[in-house]
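# build me a model:
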Amino acid sequence: MRQTPNEIWLEILEKLSDAARQDVYLHQAVPLSITSEGLNIVVPSAYTRARIEERFRADIQRVLATLIGAQCALILTVDESSSHESEDLSETQSEELINSDNTSVDDFPAPPRQVQTGLNPNYRFDRFIVGSSNRVCHATSLAVSENPGRDYNPLFIYGEVGLGKTHLLHAIGNRLSVNQPEKKVLYVTSETFMNEYVESIVNRTSAQGFRTKYRTADMLLIDDIQFLQRKEGTQEEFFNTFNDLHMNSNQIVMTSDRPPGNLENLEERLRSRFEWGMVAEIDRPQYEMRIAILQQKCQDQGMTHLPNDVISYIAEMVTTNIRELEGTLVRLIAQASILKENLSVEFARQILGDVGSISPLRQPKAATAKAIQTAVADYFGIEAADLVSQKRTKELVQPRQIAMYLCRELTQMSYSNIAQSFNRENHTTVIHACKQIEKVIDESDDEREAIMMLLDQFR
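Model (predicted):
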């Protein structure tokens, strides 16, 4: 049977690295058609196309050649109906903003598909699976979408990565936009807010436009607010924006990976304001909810042939978050297609066990310096001995810094003890490494995800 463009694209993603599969730009790409000339992929902007060309074309083309043949080319086309070049930063502009405020271009999930609001129309309440782990968040989000600026203002939703916070954020905005289309709804990530603030400083003529854009919104939805930490100027601007909106009873909804009280590097006046309204936690999905999520994913992908016992097996094995749950399902389907195997529990157990990258299949590891060094070395494909050597090659510097950072986060070791475990004489080396990784976590979505995956192995 001839494969569909979507099936081919899923196989390509499956064969790429973990970091590539989580890349936001690849997730914006939509497979359109397969012709004699090649695989046609549509992307929302020229900037997205340029990033994919730069980062992944060679790898994608290589995989495509193995699946279809060397004559099959990757064809990237910009969807003019969703492209809005004036909002896309050029490579040069992005580098200037990075240098001016230690920020990076917007690499966050759920990229804007509608220029006016930034909302993704696919994230709706009717596509959100409700269970005991998220019932409160769902109920308060629904209430806010129907009566913004009333009982829960601000609404602060927090929880681990991949549990549906962004989905709820978009669902709130989409529902309000449908019910009250005259309302001005604005969704942004905290990094987008930060980049636009920096741009307003660089280009003073846009300063008033920046303030007007944010302070006249009837509803402001801001994702991953924790990334405003240690950004003093941006915090000051957001503080003033928050006050203006709240004073005018305009709704503010924020998401974070931790509650307001744990945002230690955020100004106290902001933390206290975040607690003025409703603070709701979204937790990991329970077993029945994981089953429902997988069944919905199967329906979305047209995979009605997946046996119930396979779905149950995945739900038992993957307990961390929805993103990993769905990713495991897609991975299993792709492997079965590639290997021409029937989907069964035995096949799932073999494939998922062999892959070895799904942390829920294992018990959490004991967090020791040696275990952390081994995990980091395995992830980056290097030798653990090199992490504790005196080598300073480019390939070793960041993995070594990540390992030091994980030792600080996961163990009770002092900086001096961590330094000794890496054969370093000076504890300031560890302090510097931790600061560098904290900066990386703030600025790079891909690298943050990698570090979170490593942390999950020990939690």
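
# so which residues make contact with stretch 285-300?
127, 129-134, 163, 303-304, 306, 311-312, 314-316, 318-319, 321-322, 325-326, 329-330 (CB atoms under 8 Å, 6 or more residues apart in numbering). The way it works is simple: take the backbone N, C-alpha and C, and place the C-beta from them, glycine included.

# kindly recompute the last result at 6 Å.
With contact meaning CB atoms under 6 Å, 6 or more residues apart in numbering, stretch 285-300 is reached by Ile129, Gly131, Ser133, Leu306, Ile311, Ala315, Ile322, Leu325, Glu326, Leu329.

# among these, which pair sits farthest apart?
Distances among the contacts of stretch 285-300 were taken as CB to CB; the most separated pair is Ser133 and Leu306, at 23.4 Å.

# re earlier: and the contacts of stretch 285-300 as JSON lines, adding secondary structure and pLDDT?
Shown next, in JSON lines, are those (DSSP: H, G, I helix; E, B strand; the rest coil; pLDDT from 0 to 100):
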{"residue": "Ile129", "secondary structure": "coil", "pLDDT": "83"}
{"residue": "Gly131", "secondary structure": "coil", "pLDDT": "83"}
{"residue": "Ser133", "secondary structure": "coil", "pLDDT": "83"}
{"residue": "Leu306", "secondary structure": "coil", "pLDDT": "76"}
{"residue": "Ile311", "secondary structure": "helix", "pLDDT": "86"}
{"residue": "Ala315", "secondary structure": "helix", "pLDDT": "85"}
{"residue": "Ile322", "secondary structure": "helix", "pLDDT": "83"}
{"residue": "Leu325", "secondary structure": "helix", "pLDDT": "83"}
{"residue": "Glu326", "secondary structure": "helix", "pLDDT": "81"}
{"residue": "Leu329", "secondary structure": "helix", "pLDDT": "82"}
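
# PyMOL command for the buried members of those?
Those of the contacts of stretch 285-300 that count as buried under 16 or more other CB atoms under 10 Å are selected in PyMOL with:
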select buried, resi 129+131+133+306+311+315+322+325+326+329
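
# so how many other residues sit close to Thr411?
Using other CB atoms under 10 Å, Thr411 has 18 neighbouring residues.

# contact partners for the nearest residue to it once chain neighbours are set aside?
Leaving aside its sequence neighbours, Thr411 sits nearest to Ala367 (CB to CB, 6 or more residues apart in numbering; 5.3 Å). Applying CB under 6 Å, 6+ apart to Ala367 gives the contacts Leu410, Thr411, Phe458.

# quick one: which of those sit in helices?
Leu410 (DSSP state H).

# quick check: of the contacts of Ala367, which lies closest to Val345?
Phe458 (28.4 Å).

# the closest one and Val30, how far apart?
37 Å (CB to CB, to the nearest Å).

# which of these two has more residues huddled nearby?
Phe458 (18 against 15).

# could I get the full set of helices for the stretch 51-200 of the chain?
91-101, 135-146, 165-179, 190-202 (DSSP state H, counting those that start in this stretch).

# okay, and the helix or strand of the chain with the least pLDDT?
helix 91-101 (a mean of 39; mean pLDDT, DSSP states H and E).

# need the CA coordinates for stretch 290-309. PDB is fine.
The C-alpha trace of stretch 290-309 is given here as PDB (Å, rounded to 0.1, in the frame of the first residue of the first chain):
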ATOM      1  CA  ARG A 290      -3.800   8.000  29.500                       C
ATOM      2  CA  ILE A 291      -6.000   5.400  27.800                       C
ATOM      3  CA  ALA A 292      -8.400   8.100  26.700                       C
ATOM      4  CA  ILE A 293      -5.600  10.300  25.400                       C
ATOM      5  CA  LEU A 294      -4.100   7.500  23.400                       C
ATOM      6  CA  GLN A 295      -7.500   6.600  21.900                       C
ATOM      7  CA  GLN A 296      -8.100  10.200  20.900                       C
ATOM      8  CA  LYS A 297      -4.600  10.300  19.300                       C
ATOM      9  CA  CYS A 298      -5.400   7.100  17.400                       C
ATOM     10  CA  GLN A 299      -8.700   8.700  16.100                       C
ATOM     11  CA  ASP A 300      -6.900  11.800  15.100                       C
ATOM     12  CA  GLN A 301      -4.300   9.800  13.100                       C
ATOM     13  CA  GLY A 302      -6.800   7.500  11.600                       C
ATOM     14  CA  MET A 303      -5.200   4.500  13.400                       C
ATOM     15  CA  THR A 304      -8.400   2.600  14.300                       C
ATOM     16  CA  HIS A 305      -6.600  -0.800  13.900                       C
ATOM     17  CA  LEU A 306      -4.500  -0.400  17.100                       C
ATOM     18  CA  PRO A 307      -5.400  -3.300  19.500                       C
ATOM     19  CA  ASN A 308      -6.700  -2.300  22.900                       C
ATOM     20  CA  ASP A 309      -4.100  -4.400  24.800                       C
END
